[in-house]
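Visitor: Provided below for reference: sequence and predicted model.
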Amino acid sequence: LSAATVCACSLLVSGAVVASPMSHEVASEGGVMGGSFYVGAAYSPAFPSVTSFDMRESSKETSYVRGYGKSIATIDVSVPANFSKSGYNFAFSKNLITSFDGAVGYSLGGARVELEASYRRFATLADGQYAKSGAESLAAITRDANITVTNYFVVKIDEITNTSVMLNGWYDVLHTDLPVSPYVCAGIGASFVDISKQVTTKLAYRGKVGISYQFTPEISLVAGGFYHGLFDESYKDIPAHNSVKFSGEAKASVKAHIADYG
């Protein structure tokens, strides 16, 4: 469960919906055919699940990835010896600040349909102490196990961002005599994943479960969790940060399972 979504509220003011920055459930705005439209915004801290991050030269079966040396105090990617960490793999940090959702939807009884947009940003996580800040985001991709002046290019991955647009279906288990309502949600849509300024569109899915406690018709507390995943793991044409003296097209491909939860 996401700790920051345990306490969330929505507020109806003068007939218009105004959601707090931490809101997940929102007040309704007018009735149509017995139902009502609603809008809302949410602050949803997320944890990354980036596994099997396999990076190599595009169109090559075998490549070698080397990380920048931790003890090197300057950034100079033109020196092959600076990439002294063999078998380097990227890791990514949790997102507790820049993680937001917004939605518009229609509610009828316990059922809801909504269009939701969300943004997630996961910064590259250093695997220890580096003498030079930012060195953890650099990697050399080589064609041979031994790096030379002409057989590598440099990729810089300082973050992965995921902007998604989802069509969600919700069901709230309503109780006329109780203020507590469990809910479930399933959604499908598109995610736009940015790796090194190369944006790739992926078919995405999302699931949510939780409970809401209604204080008044306008104010609710929400506790819940979510999981957001992608159906495909291939990311192509990642551009080189610096091609150095590499002969050929300096582009990388990544195969990774990228998801987030909270």
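Guide: Received it, and whenever you're ready, just let me know what you need. Numbering: from 1, shown residues only.
Visitor: number of nearby residues for Gly102?
Guide: Using other C-beta atoms under 10 Å, Gly102 has 16 neighbouring residues. All C-beta atoms are positioned from the backbone trio N, CA, C, and that covers glycine.
Visitor: quick check: phi and psi on it?
Guide: Torsion angles at Gly102 (phi, psi; degrees, to the nearest 10) stand at phi -140, psi 150.
Visitor: next, work out how far apart it and Pro48 are.
Guide: Per C-beta to C-beta, to the nearest Å, Gly102 is found 21 Å from Pro48.
Visitor: next one: Leu125
Guide: From Leu125 to Pro48 the distance is 9 Å (C-beta to C-beta).
Visitor: before we move on, what about Lys60?
Guide: Separation of Lys60 from Pro48 (C-beta to C-beta) stands at 27 Å.
Visitor: neighbour count winner among the two?
Guide: Legend: neighbour count by other C-beta under 10 Å for Lys60 and Pro48, higher for Pro48 (21 against 12).
Visitor: would you agree that one is in contact with Lys94?
Guide: Yes: counting by C-beta atoms under 8 Å, Lys94 is a contact partner of Pro48 at 6.4 Å.
Visitor: how many residues are close by the spatially closest residue to Ser99 that is not a sequence neighbour?
Guide: Closest residue to Ser99 apart from its sequence neighbours, by C-beta to C-beta, 6 or more residues apart in numbering: Ala46 at 4.7 Å. Neighbourhood size, Ala46 [other C-beta under 10 Å]: 26.
Visitor: same question for Phe192.
Guide: Residues lying near Phe192 (other C-beta under 10 Å) number 15.
Visitor: tell me the contacts of it?
Guide: 162-164, 199-202 (C-beta atoms under 8 Å, 6 or more residues apart in numbering).
Visitor: distance between the ends of stretch 70-84?
Guide: 9 Å (C-alpha to C-alpha, to the nearest Å).
Visitor: no more questions from me, cheers.
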